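> I would like the atomic coordinates for the input below:
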Amino acid sequence: MTPPPAAQVHHIGVETFDLANSLSWYEDYFDCRRTWIAEELSELTRSRLPHVTRIAEVAVGDLRFHLLERGDRGGPRQAGGPSEFQHVCLSAQTVADLGRWRDRWLELHRSGRYAFTRSDPPTEIVTDAEGVRSFYCFDVNGLEFEFTHVPESAR
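Now for the predicted structure:
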C-alpha cells in the first residue's frame, strides 16, 4: 500500500458568536494579522455550515485561524454532528516561552477588552514524567489551547 502524502496544517477553524471580539483577541494574543473576511459564502460552505454568516482569516507565520461567525445561538455547534476538537496543541520553542504565553493570556484577560465564554484562568505549567511541560487556556470562544514544550531528551 502506498503511504499518503505528507500533510501539514493549513488552518484551524474556530466557531464564534462574536467575530469582532474573536478577531481582536486573536490579533492581540497570537499577534495575528487579518488576511481576509468573507461575507459572501460559497454554496458548498452554506450547505456544510448553514448557521455561519461570515468567515475571517487571521495568520501569524504559517499558522492560520479561520474564525467562523455563527448567526444563531441555539443551533447545533457543527452541521455534521456533535464532534468537536477537544483542544488544539501548539509548540513552544523554549520553557520560557510557555511562561510568556501564559502571562500574555493573563494580561489580555485582565485588560477587560474581551468577552470570554469561559473565563477560567490558564492552568499552571506542569511537567510530565518525560520532562514535557505544558499548560492549558481557553480562547474567547471557549476553545481550549494547550501550549507545550518538548525537551530534546523526550523527542
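
> All the strands of this protein, residue numbers only.
Remark: strands assigned in the chain by DSSP state E are 12-16, 33-38, 52-60, 63-70, 88-91, 126-127, 133-138, 144-149.

> Throw these into CSV and include mean neighbour count and mean pLDDT, thanks.
Where C-beta positions appear, they are placed from N, C-alpha and C, glycine not excepted. Compiled in CSV, those are given as follows (neighbours: other Cβ atoms under 10 Å; pLDDT from 0 to 100):
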stretch, mean neighbour count, mean pLDDT
strand 12-16, 18, 92
strand 33-38, 12, 94
strand 52-60, 18, 94
strand 63-70, 20, 92
strand 88-91, 12, 90
strand 126-127, 11, 92
strand 133-138, 19, 93
strand 144-149, 18, 92
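
> Output the ones you listed in CSV; the columns should cover distance to residue 97.
What follows is the strands of the chain, written out as CSV (distance: least, Cβ to Cβ, whole Å):
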stretch, distance to residue 97
strand 12-16, 19
strand 33-38, 20
strand 52-60, 14
strand 63-70, 14
strand 88-91, 9
strand 126-127, 15
strand 133-138, 10
strand 144-149, 7
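
> Out of these, flag the one nearest residue 109.
Residue 109 sits nearest to strand 133-138 of all the strands of the chain, at 9.1 Å, using Cβ to Cβ.

> quick one: the closest one to strand 144-149, angle?
160 degrees (axes from the mean of the first three to the mean of the last three Cα atoms, to 10 degrees).

> on that earlier part again, out of the strands of the chain, flag the one nearest residue 117.
Smallest distance to residue 117 across the strands of the chain (Cβ to Cβ): 7.5 Å, for strand 133-138.

> Relative to the closest one, what are the paired strands and their orientations?
Strand 133-138 has the following sheet partners, assigned by DSSP bridges: strand 126-127 (antiparallel), strand 144-149 (antiparallel).

> from the chain's centre, how far out does the longest one sit?
This points to strand 144-149. Distance, stretch centre to chain centre, for strand 144-149: 10 Å (Cα atoms, centre = their mean, to the nearest Å).
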